[in-house]
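[1] Need a 3D model of the sequence below.
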Amino acid sequence: MHAPFLAPRGQRRGRLLAAAALAGAAIGMGFPGGTAPGDAADRFVAGGPATERTPLTSGQEAPILAAASSSRLRLGLPQPAATRVDRVTDRFSGTSYDEVTATDGAGRPLHLQRFDERGRLVGAVSFGWLSNGGRPLPDDASARARSTRLASDLGLDVAGAPDVRREPDDGGWTIAWPRVVEGIPVLGDGVRIDLWPDGRVHAVVRAERPLAPRPSTELDAPAARRRAMAALANLLGSRAGQITIATAALGWVAPNDAFDPAAPDAPAFTLRLAWVIEAHAQGELAEGLRAVKLFLDAGSGALLGGDVLR
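    Model prediction:
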C-alpha cells in the first residue's frame, strides 16, 4: 500500500535514494510542492520517459543560482566547485521545477536543490553516506528544535508539533509536519527534514499539491461504509464476505488507476476529498491479500482508486 508521509524506512542508503527522488511522492513523500503543473497533453505513460531535462541559459539560471546559494548557507551545505541548472518536467507527478546540482573539483555530486516557479525551495539532499562525526543530538527534543529552526530559516510553512523518529542504528533523525487542511489530512503532503546524528541536514522535502474544490454535499461515514462494501463486493465477488472494514476517515487523495486499468498511469496531480476506507482480509482470502484501501469521492461516493497490500 502507499506509504504514509512518515512511513518507516529501511537502511540509510534507501533513505538517501528516497530523498534524492524527493513524495512527494508517497509521500508517500510526495511530490515537489508549489511546482508548476506540467503539460496535460504529455502525461506519463507506462514505459515512456518519466522526466525531461533542459539546461537553462546563463540569464535564466542567474536567479535560481542566487536562491540556491542563499539556501545552501542556511542548509549548511559545502561550497561547490561547479553547478548545473536544469529545468525538469516530471510527467509522472505532472510538475516542473528547476534543479541545481552541485559537484566538487573531481566532478562528484555534493548536493542537489530543487526550486518551484516562484523560486521557493521544495527539496534538497546532501549526498554522502556517513556523518562527519560531530557531537550527536541527545534526544527527540533537540532534533525537533533543530528542525523547527531550520524550517523557519528556509521559509517552510509548518505548523504544530512535528512527528519525530530516530532512525535505527543511530542513523539520524526524521522530522515531519504532515499537511492538514481544515482538520483533514492531505495524504503524502507536508514538510520532512532528515538530519544526520549530529544535526546536520541530510535532506529536506516539501510537498504541497493543489486541492480540488470541496464537494457541496458530502457522504457521512455510514454511507461511505455502505459504498465501500458495495465496491468491495464488485472487486472481490463471492470472497467479499472475507473482508472487513477496519477504518474510514476523510482525506485528500490523488486519484489513481489501482482498480481502473483505463485510468491514467500516473496519480492525478490535483487532490480530491475522499473517504479513505481500509479493509482487512480474513480466512482464505488473507492467504494472498492482507488489506485493501479504497478512495471514495466524498461527494458522489465514486471509486477514485486506492491500493492493495498483499
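[2] which residues sit in contact with the nearest residue to residue 292 once chain neighbours are set aside?
    Of all residues not flanking residue 292 in the chain, residue 279 sits nearest, at 4.9 Å (Cβ to Cβ, 6 or more residues apart in numbering). For glycine as for every other residue, the C-beta is placed from the backbone atoms N, C-alpha and C. By Cβ atoms under 8 Å, 6 or more residues apart in numbering, the residues touching residue 279 are 228, 232, 243, 244, 245, 246, 291, 292, 293, 294.
[3] What's the ChimeraX syntax to select whichever of the residues you listed are buried?
    Entered in ChimeraX, the line below selects the buried ones among the contacts of residue 279, by 16 or more other Cβ atoms under 10 Å:
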select :228,232,243,245,291,292,293,294
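[4] from the contacts of residue 279, which ones fall inside helices?
    Judged by DSSP state H, the contacts of residue 279 include 228, 232 as members of helices.
[5] before we move on, the earlier item: whichever strand or helix holds the residue nearest to residue 292 pairs with which strands, parallel or anti?
    According to DSSP states H and E, residue 279 maps onto strand 272-281. Strand pairing for strand 272-281, using DSSP bridges, gives strand 243-253 (antiparallel), strand 291-297 (antiparallel).
[6] So what's the gap between that strand and the chain middle?
    Centre-to-centre, strand 272-281 and its host chain are 19 Å apart (Cα atoms, centre = their mean, to the nearest Å).
[7] I'd like the average pLDDT over that strand.
    In this model, strand 272-281 has an average pLDDT of 98.
[8] repeat for stretch 63-80
    96.
[9] same thing with stretch 108-122?
    The model assigns stretch 108-122 a mean pLDDT of 94.
[10] Give me the buried positions along that stretch.
    Under the neighbour-count criterion of 16+ other Cβ under 10 Å, stretch 108-122 has 109, 110, 111, 112, 113, 114, 115, 116, 120, 121, 122 buried.
[11] how about a markdown table for those, with secondary structure and distance to residue 89 added?
    Output for the buried residues of stretch 108-122, formatted as a markdown table (DSSP: H, G, I helix; E, B strand; the rest coil; distance: Cβ to Cβ, whole Å):
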| residue | secondary structure | distance to residue 89 |
| --- | --- | --- |
| 109 | strand | 21 |
| 110 | strand | 24 |
| 111 | strand | 22 |
| 112 | strand | 17 |
| 113 | strand | 17 |
| 114 | strand | 13 |
| 115 | strand | 14 |
| 116 | coil | 13 |
| 120 | coil | 18 |
| 121 | strand | 19 |
| 122 | strand | 15 |
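[12] Nearest to residue 148 among those?
    Closest to residue 148 out of those is residue 121 (16.2 Å), distances taken as Cβ to Cβ.
[13] for the closest one, what are its contacts?
    Residue 121 sits next to 67, 71, 113, 114, 115, 154, 155, 156, 204, 206 when contact means Cβ under 8 Å, 6+ apart.
[14] I'd like the distance from stretch 200-212 to the chain centre, please.
    In terms of Cα atoms, centre = their mean, the centre of stretch 200-212 is found 7 Å from the chain centre.
[15] Equivalent analysis for stretch 53-66, please.
    Centroid separation for stretch 53-66 versus its chain: 26 Å, with Cα atoms, centre = their mean.
[16] Give me the distance between residue 225 and residue 248.
    From residue 225 over to residue 248 the distance is 6 Å, taken as Cβ to Cβ, to the nearest Å.
[17] Please enumerate the shared neighbours of these two.
    Contact criterion Cβ under 8 Å, 6+ apart; residues shared by residue 225 and residue 248: residue 277.
[18] what about the helices in the chain?
    Under DSSP H, the chain gives helices at 12-21, 58-75, 140-154, 221-236.
[19] Which of these sits closest to residue 167?
    Of all the helices of the chain, helix 12-21 sits nearest to residue 167, with 7.2 Å by Cβ to Cβ.
[20] domains of the chain?
    Following automatic domain parsing, one finds the domains of the chain at 12-207, 221-309.
[21] where among those domains is the average confidence lowest?
    Least confidently modelled of these is domain 12-207, at a mean of 82 by mean pLDDT.
[22] Hmm, residue 225 is touching residue 245, no?
    Yes: counting by Cβ atoms under 8 Å, residue 245 is a contact partner of residue 225 at 5.7 Å.
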